[in-house]
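Engineer: here's my sequence, what's the structure:
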Amino acid sequence: MKHGKKYSESAKLIETGKLYDVNEAVELVVKTATAKFDETVEIHVRLGVDSRHADQQVRGAVVLPNGTGKKVRTLVIAKGDKADAALAAGSDYVGAEEMIAKIQNENWLDFDVVIATPDMMGLVGRLGKVLGPRGLMPTPKAGTVTPDVAKAVTEAKAGKIEYRLDKTNIIHCPIGKVSFGAEKVQENFDALMGAIIKAKPAATKGQYVKSCVLATTMGPGVKINVAKFGN
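Structural biologist: Now for the predicted structure:
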């Protein structure tokens, strides 16, 4: 794959094969972002677990102290008082059967997070094939199936992100924008890594955090020394 001049110049600042401390890596990632837009900083963590086994799943959610820098659009599936509470908390969309129908009939997906009250999950379950593959299905583990929809809306807007393993046992997550600066990006990194380490399954054998790479949308990846994560 041929990279552009800016990418190649940025890549020269990163030593091939070197494993950087987190603070160095964050500073390098911010420094090597050269796109004309405000690039997203992403983390890619490979774990020493097997996601095919139920007792080795790693999934949860964490509120990033500095948010993600992205406007989050929420859809709340609820009725009555709960629907009123969601509207009062600033949810972009609130409804019940009519929202389910809109998604089913119009393939409407203009939202980033779906939150539902437990009593509505029978209805929401019908959307499994649409929401599931896009990672939008509400779950109790992520705090998106909850009677306290107002709190869930507030947290989602504040920068709550869900982390989960993909089929290759890697977690991919955005942890902010380049414009945040190194300090704020590192605070977000620490919050997410802390949550991932806390979520270590009891069935894990051997090294838990195998590798960790930080990168911006258009920039080169920077490898982090994972020995510090207490494997």
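Engineer: shaky segments in the chain?
Structural biologist: Low-confidence segments of the chain (pLDDT under 70): 1-11, 230-231.
Engineer: if we go to 80?
Structural biologist: 1-13, 16, 230-231 (pLDDT under 80).
Engineer: the chain: strands as residue ranges?
Structural biologist: Along the chain, the stretches classed as strands by DSSP state E are 40-47, 59-63, 74-77, 93-95, 113-116, 160-164, 170-177, 209-216, 222-223.
Engineer: can you add mean neighbour count and distance to Arg134 and give these back as a markdown table?
Structural biologist: For the C-beta atoms, the positions are set from N, CA and C on the backbone; glycine is no exception. Shown next, in a markdown table, are these (neighbours: other C-beta atoms under 10 Å; distance: least, C-beta to C-beta, whole Å):
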| stretch | mean neighbour count | distance to Arg134 |
| --- | --- | --- |
| strand 40-47 | 21 | 18 |
| strand 59-63 | 18 | 16 |
| strand 74-77 | 27 | 12 |
| strand 93-95 | 19 | 16 |
| strand 113-116 | 26 | 10 |
| strand 160-164 | 20 | 12 |
| strand 170-177 | 21 | 14 |
| strand 209-216 | 20 | 22 |
| strand 222-223 | 22 | 29 |
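Engineer: walk me through the domains of the protein.
Structural biologist: Structural domains of the chain, as assigned by automatic domain parsing, span the residue ranges 5-67+160-229, 74-157.
Engineer: so how far is Met218 from Ile197?
Structural biologist: Ile197 sits 29 Å away from Met218, taking C-beta to C-beta, to the nearest Å as the criterion.
Engineer: which one of the two has more residues nearby?
Structural biologist: Met218 (18 against 15; other C-beta atoms under 10 Å).
Engineer: could I have the longest helix along the chain exported to CSV, CA atoms only?
Structural biologist: Within the chain, and with DSSP state H defining each element, the longest helix by residue count is helix 182-198. The C-alpha atoms that make up helix 182-198 are tabulated as CSV, following Å, rounded to 0.1, in the frame of the first residue of the first chain:
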residue,chain,number,x,y,z
ALA,A,182,-1.9,14.7,24.7
GLU,A,183,-3.0,15.1,28.3
LYS,A,184,-6.8,14.7,27.7
VAL,A,185,-6.3,11.9,25.3
GLN,A,186,-4.1,10.1,27.9
GLU,A,187,-6.8,10.6,30.6
ASN,A,188,-9.3,8.9,28.2
PHE,A,189,-6.8,6.1,27.4
ASP,A,190,-6.2,5.4,31.1
ALA,A,191,-9.9,5.3,31.8
LEU,A,192,-10.6,2.8,29.0
MET,A,193,-7.5,0.6,29.7
GLY,A,194,-8.4,0.6,33.4
ALA,A,195,-11.9,-0.7,32.5
ILE,A,196,-10.5,-3.4,30.1
ILE,A,197,-8.0,-4.6,32.7
LYS,A,198,-10.8,-4.7,35.4
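Engineer: done for today, thanks.
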